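Student: only the shape, not the letters, is given here:
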Ligand code: XMP
């Protein structure tokens, strides 16, 4: 596939929501995988010589004139192909089958039945005859192309899966890559190992070696500035870069006054002079300029854009001081990219280091070595790089910091309130050992004030919201059932110790429909 991987799978992206998830599932099976646009020329695909190709889902209809397509010769290269959702319809359409608007659309968990013809199917080895799969389609394959056998169906979908084993062409209308497809992992593994013949000799260490090589080739003897927040992603990016270019890298940590309690000093003690790493580290205390820019601003996207822009301006200034810095390194990871609505997906919120970037950035290039990885993959890279556990397992903290955990206008007083409440909450959760299964937990400041009674007097103060979620990839999350005793203790400490708060609420919402952060 390339100089760093003996074998690999190519995912051709037709614009679906789960495309990187396919790549991640393949990598979980220790097979290298890259996602490329569906427009990748056939000659390049041949040069890459993947062991298999996966065509993703997408929002189009194959029979519409301007829909995304691929060269039909793709199916005659002798390389196994798995079409998923739109990819399956495209395969059917280009090879002579029929695709139409389905009389009944299917969304969500659906029981799919394997037909007797599936008994010898390599794709469905070890899969139950009736299995729950995730469907999301308005079109369907009405008639499979000649030479194909139908291998699965649902009451309303006559071709839930089809294959031409001789030509190594496979297709599923459902999404094997999502967790809700109960045996989807098994199906993808079957495709990668049994159909494509992969051996599974790829490890995260290969990603590191490959990335370090690429970074060296790109940056050469130039200089780079890494935007270091002390969180998992930017810490991993910083250590990866320092492995690649050593002292040509300067890590700049901006204390924007929106960090958690004492966090600025903690980050400095790890990465600064006398810390654990041999890095050039600069701390910029920029609280006042961030607060000034945020004054009077209440709209969440505006806040994100302002913070994102101000970060860049600080980095540009620091780069000028260092001199001849061409590259800005950021620890952007895949969920940041997808939620910022790049590519064909809808914008959920502009993650400050992606969609929150100003139009003009005074660096030659932005380097984002973790851009295609999910959070848990980044943690694995961190472990491989030898980062300490407490850093690798640190819960995520968003770039815009407390700015998006304070609903409405950000003021110094509100920052102080949320910092104190959050510190108490984290302390109590950790003390009770209730943090083991939590992906993220924090306090946010609602913009709601309500009436209370303290001592013998009336109060009219803010409500703090506590949030705790369980998640592995941060794309979806469930609200955690924290022990009541922990919530009670936290509540009583917050209202007693934090001035300006007289009420504490617990957020029971999952993602979707909420997001993890409040803004
Ligand atoms: P949401 O709130 O979108 O968050 O469900 C998903 C994950 O991303 C983190 N997050 C961010 N991280 N810049 C970041 O670096 C951002 O602008 C940003 N917004 C959200 C969030 O903390 C959660 O882990």
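Tutor: In hand now; what should we look at? None of these values were measured; they are calculated from a predicted model.
Student: whichever strand or helix holds residue 292 packs against which elements?
Tutor: For residue 292, the element it lies in under DSSP states H and E is helix 287-294. In this structure, helix 287-294 packs against helix 300-322, with contacts taken as 3 or more C-beta pairs under 8 Å, 6 or more residues apart in numbering; DSSP states H and E. (Each C-beta comes from the backbone N, C-alpha and C, glycine too.)
Student: immediately after the helix it packs on, which helix or strand?
Tutor: Next along the chain from helix 300-322, counting by DSSP H and E, comes strand 325-329.
Student: now the angle between helix 300-322 and that following strand, please.
Tutor: Here the directions of strand 325-329 and helix 300-322 differ by 140 degrees (axes from the mean of the first three to the mean of the last three C-alpha atoms, to 10 degrees).
Student: check which helices and strands strand 325-329 sits against.
Tutor: Applying 3+ C-beta pairs under 8 Å, 6+ apart, we find strand 325-329 packed against helix 204-219, strand 223-227, helix 232-245, helix 300-322, strand 365-367.
Student: who's in contact with it?
Tutor: Outside of strand 325-329, the residues within contact range by C-beta atoms under 8 Å, 6 or more residues apart in numbering are 218-219, 222-227, 237-238, 241, 249-250, 312, 315, 319, 361, 363-369.
Student: what subset of those residues is buried?
Tutor: For those, a neighbour count by 16 or more other C-beta atoms under 10 Å gives the buried set as 219, 223-227, 237-238, 241, 249-250, 312, 315, 319, 363, 366-369.
Student: can you pull up the most central residue in this protein?
Tutor: residue 335 (2.1 Å; C-alpha atoms, centre = their mean).
Student: excluding chain neighbours, what is closest to that residue?
Tutor: Nearest residue to residue 335, sequence neighbours excluded (C-beta to C-beta, 6 or more residues apart in numbering): residue 474, at 5.1 Å.
Student: my guess is residue 255 contacts residue 285. True?
Tutor: Yes - look at residue 255 against residue 285 with C-beta atoms under 8 Å: they come within range, at 5.0 Å.
Student: which neighbours do those two share?
Tutor: Contacts common to residue 255 and residue 285, judged by C-beta under 8 Å, 6+ apart, are residue 264.
Student: ok, residue 361 - contacts?
Tutor: By C-beta under 8 Å, 6+ apart, the contact set of residue 361 is 312, 316, 328.
Student: mind listing what's buried in stretch 56-63?
Tutor: 56, 57, 58, 60, 62.
Student: what about the residue of the stretch 1-150 of the chain found nearest the ligand, how many neighbours?
Tutor: Residue nearest to the ligand within the stretch 1-150 of the chain: residue 17 (14.1 Å; C-beta to the nearest ligand atom). Look at residue 17: counted by other C-beta atoms under 10 Å, it has 19 neighbours.
Student: distance of it relative to residue 86?
Tutor: 11 Å (C-beta to C-beta, to the nearest Å).
Student: so what sits against both of these two?
Tutor: Residues touching both residue 17 and residue 86 (C-beta under 8 Å, 6+ apart): residue 57.
Student: that older thread, of the helices and strands packed on strand 325-329, which is nearest residue 403?
Tutor: With C-beta to C-beta, the closest approach to residue 403 among the helices and strands packed on strand 325-329 belongs to helix 300-322: 5.3 Å.
Student: and that closest one, what does it pack against?
Tutor: Helix 300-322 packs on strand 223-227, strand 249-255, strand 280-285, helix 287-294, strand 325-329, going by 3+ C-beta pairs under 8 Å, 6+ apart.
Student: residue 451 is nearest to which of these?
Tutor: Nearest to residue 451, of all the helices and strands packed on helix 300-322, is helix 287-294, at 28.3 Å by C-beta to C-beta.
Student: poorly predicted segments of the stretch 1-150 of the chain, please.
Tutor: 1-5 (pLDDT under 70).
Student: which residue packs closest to residue 46, ignoring adjacent ones?
Tutor: Nearest one to residue 46, counting by C-beta to C-beta, 6+ apart, is residue 77 at 6.6 Å.
Student: what sits against that neighbour?
Tutor: Contacts here follow C-beta under 8 Å, 6+ apart; on that basis residue 77 touches 42, 45, 46.
Student: before we move on, what about residue 126?
Tutor: Contacts of residue 126 (C-beta under 8 Å, 6+ apart): 183, 186, 190.
Student: and what of residue 498?
Tutor: Here residue 498 is in contact with 417, 420, 421, 424, 464 (criterion: C-beta under 8 Å, 6+ apart).
Student: make a markdown table from those residues and add distance to residue 445, secondary structure and neighbour count to it.
Tutor: Supplementary listing: the contacts of residue 498 in a markdown table, determined by distance: C-beta to C-beta, whole Å; DSSP: H, G, I helix; E, B strand; the rest coil; neighbours: other C-beta atoms under 10 Å:
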| residue | distance to residue 445 | secondary structure | neighbour count |
| --- | --- | --- | --- |
| 417 | 6 | helix | 23 |
| 420 | 10 | helix | 20 |
| 421 | 7 | helix | 29 |
| 424 | 13 | helix | 22 |
| 464 | 6 | strand | 29 |
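Student: so where do the helices sit in the chain?
Tutor: 19-28, 42-48, 86-94, 184-189, 204-219, 232-245, 263-271, 287-294, 300-322, 334-339, 375-384, 389-392, 412-431, 484-497 (DSSP state H).
Student: for the fifth one, buried residues please.
Tutor: Put plainly, it is helix 204-219. Those would be 204, 206, 207, 208, 210, 211, 212, 215, 219, for helix 204-219 by 16+ other C-beta under 10 Å.
Student: report pLDDT for the second one.
Tutor: According to the model's per-residue confidence, residue 206 sits at a pLDDT of 89.
Student: test my guess that it contacts residue 33.
Tutor: No - if you go by C-beta under 8 Å, residue 206 and residue 33 don't touch, sitting 11.7 Å apart.
Student: how close does residue 66 sit to residue 351?
Tutor: Distance, residue 66 to residue 351, by C-beta to C-beta: 30 Å.
Student: comparing the two, which residue is more hemmed in?
Tutor: The residue with more neighbours, out of residue 66 and residue 351, is residue 351; 25 against 6, by other C-beta under 10 Å.
Student: doesn't residue 333 make contact with that one?
Tutor: No - with contact defined as C-beta under 8 Å, residue 351 and residue 333 do not form a contacting pair (9.2 Å).
Student: quick one on the thing from earlier: most neighbours among the contacts of residue 126, which one?
Tutor: residue 190 leads the contacts of residue 126 on contacts (other C-beta under 10 Å) with 22 neighbours.
Student: roughly how far apart are that one and the ligand?
Tutor: 32 Å (C-beta to the nearest ligand atom, to the nearest Å).
Student: mind checking how far that residue is from residue 182?
Tutor: From residue 190 over to residue 182 the distance is 14 Å, taken as C-beta to C-beta.
Student: for residue 220, same thing?
Tutor: Separation of residue 220 from residue 182 (C-beta to C-beta): 49 Å.
Student: out of these two, which sits in the busier spot?
Tutor: Between residue 220 and residue 182, counted using other C-beta under 10 Å, residue 182 has the larger neighbour count: 15 against 10.
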